[in-house]
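Undergrad: Fold the following.
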Amino acid sequence: MRGFRLFLIALLLSVGSVGAQTRTLNVGGGATINYDATGRGPTVVFIHGWSHNISVWDDQVPAFKTRFHVVRYDSRGFGRSTGFADESAEPHDLLVLLEALHVKRAFIVGHSRGGSVALRFANAYPNRVAGLVLYGAFPEGFPAPPDIGQFFGSLPSIAKQNGLDSVGKLVLANPIAWVPPGRNDVTDRYRRLWAAYNGKDLLDPHPESGRVPAVRISDLAYVKVPTLVIIGDHEAPFIAAVADTLTRRIPGAKKVVIPNAGHGAHFAQPASFNSALMDFFYDVGRNKKK
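TA: The predicted structure follows:
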């Protein structure tokens, strides 16, 4: 049965090349993207969230690379990629990356800020998306609680006046991490990710280029790709509300809640997270074949 499922998906998507690749790619606009590609099969792309880098997907690559062509990359301005953070340019960066890898269509998985990039990409380039996984993504115009907006709005000045260490302490002490009780290992993972964060978007922010428009709540009805919405059961209430809105507004979207997980479900509960993605990918393959 599993072999049949994989056969169906292979018919649906382009097949990536065998072997690991760790390379850089000039995507224009003064940015060079650091990326990693490995495995063979239908392509799945993982996009990290704010202050993170490609290492945040370390629990996904081994699970998927035997069945999929797995691509992950540092968004511009983060990790080892150059340039300035620009959520409106980053969907085009992904398009350039897919072109360079000769990938016609891919499953796109985006976490938090990366989920918003994935949503923009799916809206702008739907023919390049086999399936979309939104994990903590925000459509434009969704009303975040005032205290959250004020908290994030204060970070650039804190970084400039007191350094990134002070910002890190605030971020890791804030409920923004949404770590399940007793999961010190998850907190340690966040600390390691923060230690590798360069803070460039806080210390030297640049305005967005506006290359790819944001997706507003009213635009969600026009997202025409198979979509899975994922959250952890310890997410903040407003993140859960966003997930419900995405599920209701995007045609045919489904939602999965990962038990005993917060905003970092992919490394708090990697087996459950990976299983949810696998099931979604297989379902897309079956439905396309009908």
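Undergrad: who's in contact with the most centrally placed residue in the chain?
TA: For the chain, the residue nearest the mean C-alpha position is Gly110 (1.9 Å; CA atoms, centre = their mean). With contacts defined as CB atoms under 8 Å, 6 or more residues apart in numbering, Gly110 is in contact with Ile47, Ser116, Val117, Ala118, Leu119, Leu132, Val133, Leu134, Tyr135, Ala137. Yep, even glycine has a C-beta here, placed from its N, CA and C like the rest.
Undergrad: Okay, strands next: where are they in the stretch 51-200 of the chain?
TA: Taking DSSP state E, counting those that start in this stretch as the test, the strands found in the stretch 51-200 of the chain are 69-73, 106-111, 129-135.
Undergrad: Can you list the strands that the shortest one pairs with?
TA: By that I understand strand 69-73. strand 31-38 (antiparallel), strand 43-47 (parallel) (DSSP bridges).
Undergrad: which residues touch the first one?
TA: Contacts of strand 31-38 with the rest of the structure, by CB under 8 Å, 6+ apart, involve 16-17, 19-27, 54, 61, 65, 69-77, 79-84, 89, 93, 97, 101.
Undergrad: Weed out the non-buried ones from the residues you listed.
TA: If you count burial by 16 or more other CB atoms under 10 Å, the buried members of the contacts of strand 31-38 come out as 16, 25, 27, 54, 61, 65, 69-77, 79-84, 89, 93, 97, 101.
Undergrad: and those residues, which of them are in helices?
TA: Taking DSSP state H, the ones among those that sit in helices are Val61, Asp93, Leu97.
Undergrad: For the closest residue to the first one other than its chain neighbours, give its distance to Thr32.
TA: Which is Val61. The shortest distance from Val61 to any residue other than its chain neighbours is 5.4 Å, reached at Val70 (CB to CB, 6 or more residues apart in numbering). Val70 sits 21 Å away from Thr32, taking CB to CB, to the nearest Å as the criterion.
Undergrad: Could you work out the end-to-end span of stretch 221-237 for me?
TA: From its first residue to its last, stretch 221-237 covers 23 Å (CA to CA, to the nearest Å).
Undergrad: Show me which residues of that stretch are buried.
TA: Val223, Val225, Pro226, Thr227, Leu228, Val229, Ile230, Ile231, Gly232, His234, Glu235, Ala236.
Undergrad: Give me the helices and strands touching the biggest helix by length in the chain, please.
TA: Taking DSSP H as the criterion, the chain has its longest helix at helix 270-289. Here helix 270-289 touches helix 2-12, helix 61-64, strand 106-111, strand 129-135, strand 227-232, strand 254-258, helix 265-268, going by 3 or more CB pairs under 8 Å, 6 or more residues apart in numbering; DSSP states H and E.
Undergrad: can we see that at 10 Å?
TA: Applying 3 or more CB pairs under 10 Å, 6 or more residues apart in numbering; DSSP states H and E, we find helix 270-289 packed against helix 2-12, strand 43-47, helix 61-64, strand 106-111, strand 129-135, strand 227-232, strand 254-258, helix 265-268.
Undergrad: Run through who's touching the last one.
TA: When contacts are taken as CB atoms under 10 Å, 6 or more residues apart in numbering, the neighbours of helix 265-268 outside the stretch itself are 46, 48-49, 55-60, 109, 111, 135-136, 178-180, 183, 185-186, 189-190, 193, 230-235, 256-262, 272-274, 276-277.
Undergrad: Buried ones among these?
TA: Using 16+ other CB under 10 Å, the buried ones in the contacts of helix 265-268 are 46, 48-49, 55-57, 59-60, 109, 111, 135-136, 178-180, 183, 186, 189-190, 193, 230-232, 234-235, 256-258, 261-262, 272-274, 276-277.
Undergrad: Below-threshold pLDDT in the stretch 101-250 of the chain: ranges please.
TA: 174-178 (pLDDT under 70).
Undergrad: And Leu277, how far from Val109?
TA: Leu277 is 7 Å from Val109, where distance means CB to CB.
Undergrad: Show me the common contact partners of these two, please.
TA: By CB under 10 Å, 6+ apart, the residues touching both Leu277 and Val109 are Val44, Phe46, Gln60, Phe64, Gly131, Val133, Tyr135, Leu228, Ile230, His266.
Undergrad: hmm, back to that, will you turn the strands of the stretch 51-200 of the chain into a markdown table that also has distance to Ala243?
TA: Output for the strands of the stretch 51-200 of the chain, formatted as a markdown table (distance: least, CB to CB, whole Å):
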| stretch | distance to Ala243 |
| --- | --- |
| strand 69-73 | 23 |
| strand 106-111 | 13 |
| strand 129-135 | 8 |
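Undergrad: Thank you kindly, that will do.
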